[in-house]
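Student: Could you work out the structure for the sequence below:
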Amino acid sequence: MASVSLQNVTKIYGTDTVALDDVTFDVDQGEFVVILGPSGAGKSTLLRILNGLTPPTEGTIEIGDERVGGKRDEVAMVFQLHYLVESMSAYRNALTGALGRTGWLRSVLTWYDESDKRGALDALDTVGLIDEAGQRAGSMSGGQKQRVGIARALVQEPELLLADEPVSSLDPKAARDVMGYMKTAAMERNLTTVASLHQVNIAREFGDRFIGIRDGSVVFDGGPDELTMDVIDDLYYGGDASKAGPAEAISGSPDSESELAPETSDTGVQA
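Tutor: Here you go, the predicted model:
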């Protein structure tokens, strides 16, 4: 059984703005899928629907054997911005991933279960930050902060990990480090992962499979060997070589604002 299944998903905003148009695909358990496409293609809308933040206009989404009908605790999100509480340590930030199991009052009093505390340390170890567990998040580099965000998502113990342009603001080395840790975490936990990226070169390095979206429709679905330069040009520029060449597409497209910024409580944790 597929871990994630989208069948004929369409999302229309207002009366005539089609963000997604009859999108159908399955994602197997443990697969690391990268969503590619130009700005405004529908990538963020797709992640919002998978996260239960917005319902589709038509079609169905299933995670495991249950239909998605709203926000689900078993779906974790790594955001374009890290949304950490910068006055708290990396460990305390990672631990907030257990908030859904703990409750707000117990979390404020740091009355987390021992299993959650061990899970936070294990997650920080997975992303290479166990030695920085006590470091204040505000003093960390951008790459380290994003890795704490990944650790927080892992503490949530999700069935599905989503990532919205998680490395768009990082330099190439930090971006590869973050993607490497995310891929390692997914492999170690057999964690189904769907990430949207602009940097095609980085996507090709870490993705098991690529889904290309343009104008709300899936125009490509294949593995690394099938993601050729011609496919990339067609995905980003409709095959019009006069607009841009392969080199520009490979290095990544201009970043767009994330549509997935979470509502936060006064603890900085997604509500």
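
Student: Flag the shaky bits of the stretch 1-150 of the chain, pLDDT-wise.
Tutor: Low-confidence segments of the stretch 1-150 of the chain, defined by pLDDT under 70, span residues 1-2, 100-111.

Student: Apply 90 and report the result again.
Tutor: By pLDDT under 90, the weakly predicted segments of the stretch 1-150 of the chain are 1-3, 15-16, 39-40, 52-53, 64-74, 79-83, 98-115.

Student: Show me where it has its helices.
Tutor: Using DSSP state H, counting those that start in this stretch, the helices found in the stretch 1-150 of the chain span residues 43-50, 90-95, 99-102, 104-108, 114-126, 142-155.

Student: Please render those as TSV that adds distance to residue 34 and mean neighbour count to the earlier fields.
Tutor: Quick note: C-beta positions are derived from backbone N, CA and C, even for glycine. TSV is the format used below for the helices of the stretch 1-150 of the chain (distance: least, CB to CB, whole Å; neighbours: other CB atoms under 10 Å):
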stretch	distance to residue 34	mean neighbour count
helix 43-50	10	24
helix 90-95	24	26
helix 99-102	27	18
helix 104-108	33	13
helix 114-126	20	18
helix 142-155	16	26
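
Student: Would you mind confirming that residue 196 is in contact with residue 203?
Tutor: No - counting by CB atoms under 8 Å, residue 196 sits too far from residue 203 to count as a contact (9.4 Å).

Student: which residues are in contact with both of those two?
Tutor: By CB atoms under 8 Å, 6 or more residues apart in numbering, residue 196 and residue 203 have these common neighbours: 34, 36.

Student: between these two, who's got more neighbours?
Tutor: residue 196 (28 against 23; other CB atoms under 10 Å).

Student: so what's the more buried one up against?
Tutor: 34, 35, 36, 43, 44, 46, 47, 163, 164, 165.

Student: I'd like the distance between the closest residue to the last one other than its chain neighbours and residue 161.
Tutor: On the basis of CB to CB, 6 or more residues apart in numbering, the spatially nearest residue to residue 165 that is not a chain neighbour turns out to be residue 80, at 4.4 Å. Look at residue 80 and residue 161: by CB to CB, to the nearest Å, they are 15 Å apart.

Student: And for residue 143?
Tutor: For residue 143, the distance to residue 161 (CB to CB) stands at 18 Å.

Student: if I look at residue 185, how far off is residue 164?
Tutor: 17 Å.

Student: Comparing these two, which shows the higher neighbour count?
Tutor: residue 164 (25 against 20).

Student: which residues in the stretch 1-150 of the chain form strands?
Tutor: Under the criterion DSSP state E, counting those that start in this stretch, strands of the stretch 1-150 of the chain are mapped to 4-13, 17-27, 32-36, 58-63, 66-67, 75-78.
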